[in-house]
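A.B. asks: Provided below for reference: sequence and predicted model.
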Amino acid sequence: MDSNTLTGKSRNGFAALGLSLALPGLGQVYNGEVIKGLCFFVLVMAAHFAGFALAVRLPDSRLFGGLLLTLSLVLLLYLGIAVEAFRTAKEISHAYILKPYNRVYLYAAVWVLGALLYLCIGQYTRANYVHFFKIPSHSMEPGVLAGDYVVADRLCYQHQSPQKGDVIVFVYPDDRSKVFMKRVAALPGDTVTLPGGRSEKVPHGRIFVLGDNPKGSLDSRKFGTVPLADVMGKIRVVYFSRGEDGVRWDRIGKIVGAVEDGQ
């Protein structure tokens, strides 16, 4: 037999399962089903992207459910594809002829390429549709608590300007590597009263932001107004929350809206 001839070898179900868990569709490539593997990979990426892009368009009351449905669908697809690879590998006979791409280094190369594509899609989704943040401070209490994990809508301000009362995320003017979250207190043209009693008109193209906890908030009273161009998105819902006593189940799914009573 020619030394370059690829001999028959059965497929290992657990190897196919592991490869598919590492990257959707890679187990199918291992089984010799390149087209199927590519289709499965595209399906998972499309479900991920389209799910978030559609969910963020839902009203506040349905946003958390839409995101949860998207994640559940992607997870089911992910696991289903892995199981399919496992079952197919178990059915392949010992007569399977190795393909030129049935090489460990090629699996690794496909994984790297797929992971890069996934990261690019994830980055695009976070930049244009939905982003997730953990709240580290008490500056927005009681509406948003330290330890809350929140969803930021990156799409809404592409078609409209922030409104008074919106809770937004924006680039911190004094350190552009940081992102702050505050409530819009005044819009361009509004007059605000600063500490000391001095009044000032909010310039065109800028907004005045405040924390709901005025005694513990670094906001426009200290660093001035925020350019509209630096507004990254609107905080809409709490998707998870953990405090000193553990998970705060009552906050999961809470809509971030108007200032709490008494503020």
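C.D. replies: Now that the structure is in, tell me what you want to look at.
A.B. asks: Point out where the protein drops to low pLDDT.
C.D. replies: Applying pLDDT under 70 to the chain flags the ranges 1-8, 258-263.
A.B. asks: can you give me the offset of the longest helix that it contains from its chain's centre?
C.D. replies: If you go by DSSP state H, the chain has its longest helix at helix 60-91. Relative to its chain's centre, helix 60-91 lies at 16 Å (C-alpha atoms, centre = their mean, to the nearest Å).
A.B. asks: Give the burial count for the residue nearest to Gly122 when sequence neighbours are not counted, as a bare number.
C.D. replies: Distance criterion C-beta to C-beta, 6 or more residues apart in numbering; nearest residue to Gly122, sequence neighbours excluded, is His48 at 7.9 Å. Where you see a C-beta, it was placed from the backbone N, CA and C, and this is true even at glycine. By the measure other C-beta atoms under 10 Å, the count of residues near His48 is 20.
A.B. asks: Can you tell me how far His48 is from Val112?
C.D. replies: Between His48 and Val112 the distance is 19 Å, computed by C-beta to C-beta, to the nearest Å.
A.B. asks: And for Asp148?
C.D. replies: In this view, Asp148 and Val112 are 35 Å apart by C-beta to C-beta.
A.B. asks: cool, Lys99 as well?
C.D. replies: Counting by C-beta to C-beta - Lys99 and Val112 are separated by 20 Å.
A.B. asks: Equivalent analysis for Gly165, please.
C.D. replies: 46 Å.
A.B. asks: cool, His131 as well?
C.D. replies: From His131 over to Val112 the distance is 25 Å, taken as C-beta to C-beta.
A.B. asks: before we move on, back to that, neighbour count for Lys99 and Val112, which is higher?
C.D. replies: Counted by other C-beta under 10 Å, Lys99 and Val112 do not tie: Lys99 has more neighbours, with 15 against 11.
A.B. asks: quick one, strands of the stretch 151-263 of the chain?
C.D. replies: Using DSSP state E, counting those that start in this stretch, the strands of the stretch 151-263 of the chain run over residues 167-171, 179-186, 191-193, 199-201, 206-210, 226-227, 231-243, 246-247.
A.B. asks: Go through these and name the closest to Leu73.
C.D. replies: strand 231-243 (16.3 Å; C-beta to C-beta).
A.B. asks: and Leu58, how many neighbours?
C.D. replies: 15.
A.B. asks: What strand or helix carries it?
C.D. replies: For Leu58, there is no host helix or strand (DSSP states H and E).
A.B. asks: what's near enough to touch the closest residue to it other than its chain neighbours?
C.D. replies: Using C-beta to C-beta, 6+ apart and skipping residues adjacent in sequence, the residue nearest Leu58 is Gly66, 4.6 Å away. Gly66 sits next to 51, 54-56, 58 when contact means C-beta atoms under 8 Å, 6 or more residues apart in numbering.
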